[in-house]
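Participant: Based on what follows, work out the 3D shape:
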Amino acid sequence: MPSAAPHPATPHTDIRADGWVARLPGPIQPYVLLARLDRPVGTWLLLLPGVWGIALGGGHDVSRVITLIVLFAIGSLVMRAAGCVVNDMWDRDIDAQVSRTAGRPLASGRLSLFNAFVFLGALLLVGLAILLSLPPLCWALAPVALLLVALYPLAKRVTWWPQLVMGFTFGFGAPMGYAAAAGRLDRIGLLLYGGTILWQLGFDTIYGFQDMEDDARIGVRSTSRLMAAHARTFVGICYALAILLIGAAAAQAGLNEAFWVFALIAAVMLAMQVATLRPDNPAICLTLFRRNVPFALVLAFAFLLAAGTT
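Facilitator: Numbering: from 1, shown residues only. Alright, predicted model coming up:
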């Protein structure tokens, strides 16, 4: 069976080509890696803000909340995969020059551009089926989400703030989930979106610290490079403002003390990331990036618990 990891010696790579991926038939492996199915962290980080929005807008309608979470879970898996395909199409030449990404299927030549296009079409069809199962307001919001997905890979070529563009893109699940559950998009949903954007700006800046040397060598811009000398301060400000805006959304929605207890725990989790951040250590940066999943799970539990008891 052909190897799925051309660069296994890279200590901080996020490619997981061993384990269950290695047991798949050889022709399937590149599609799994292209869709990042071996790395579910991104899917969780796309889904969980949607869960926040659903819980915040869904009130006491438990069956509706559960149905929407299931639909968003499937949609997050599919659309995250589609976003990765689009990103790798745009970045295949850049990825080939970066140690962490050189083993990706398009960058390494394991998968052709045509096959990636076909795969993308299949993913978008599944995403469309999920979208049509959501309320009409979500149909109106979907083109904005697709535009952000298409434009995000361009950001690193024209701005030093691609991580902020990523926040707008990956964070879109928050207002989409709120709109799906509440049937409207008001100040509460927008506050939640703003907090999600800032949180994702913070953690994606941490993620980008892994690639600073390669990015500088090939001329790729990033917020990580821009803020490397003030890493803890910048990420700390992003996280603090994120908690402030998310808390403002919860206060506007009138959530009870059950939310605030777990929100405090979540805030401490972010503070610990800032305290232990070392932008010159790729392995630590990858670990801290992954810790945003348990943070988001705690906050999701806070929103769901408060929604059920308010």
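
Participant: which residues of the stretch 51-200 of the chain fall in helices?
Facilitator: Counting by DSSP state H, counting those that start in this stretch, the stretch 51-200 of the chain has helices at residues 62-95, 105-108, 113-132, 136-158, 162-170, 173-182, 187-208.

Participant: mean pLDDT lowest for which of those helices?
Facilitator: Mean pLDDT across these is lowest at helix 136-158; the value there is a mean of 87.

Participant: elements contacting it?
Facilitator: helix 62-95, helix 113-132, helix 162-170, helix 173-182 (3 or more Cβ pairs under 8 Å, 6 or more residues apart in numbering; DSSP states H and E). For every residue, glycine as well, the C-beta is placed using N, CA and C.

Participant: got the contact list for it?
Facilitator: The set of residues external to helix 136-158 that reach it, using Cβ atoms under 8 Å, 6 or more residues apart in numbering, is 79, 82-83, 86-87, 89-91, 131-132, 161-162, 165-166, 168-169, 172, 175-176, 179-180, 183-185, 220-222.

Participant: One more: stretch 206-223?
Facilitator: Contacts for stretch 206-223 (Cβ under 8 Å, 6+ apart): 12, 94, 97-101, 156-164, 201, 204-205, 224-225, 228, 231, 235, 273, 277, 279-280, 282, 285-286, 288-289.

Participant: and with 7 Å instead?
Facilitator: 12, 94, 97-100, 156, 159-164, 205, 224-225, 228, 235, 277, 279, 282, 285-286, 288-289 (Cβ atoms under 7 Å, 6 or more residues apart in numbering).

Participant: Stretch 70-90 now?
Facilitator: 34-36, 42-43, 46-47, 50-51, 54, 95, 104, 106, 113, 116, 119-120, 123-124, 126-127, 130, 133-134, 149-150, 152-154, 173, 177.

Participant: Please work out how many residues are found near Ala145.
Facilitator: 20 (other Cβ atoms under 10 Å).

Participant: Just the buried ones out of the contacts of stretch 206-223, please.
Facilitator: Taking 16 or more other Cβ atoms under 10 Å as the criterion, what is buried in the contacts of stretch 206-223 is 94, 98-100, 156, 161-164, 205, 224-225, 228, 235, 277, 279, 282, 285-286, 288-289.

Participant: Before I go, just wanted to say thanks for your time.
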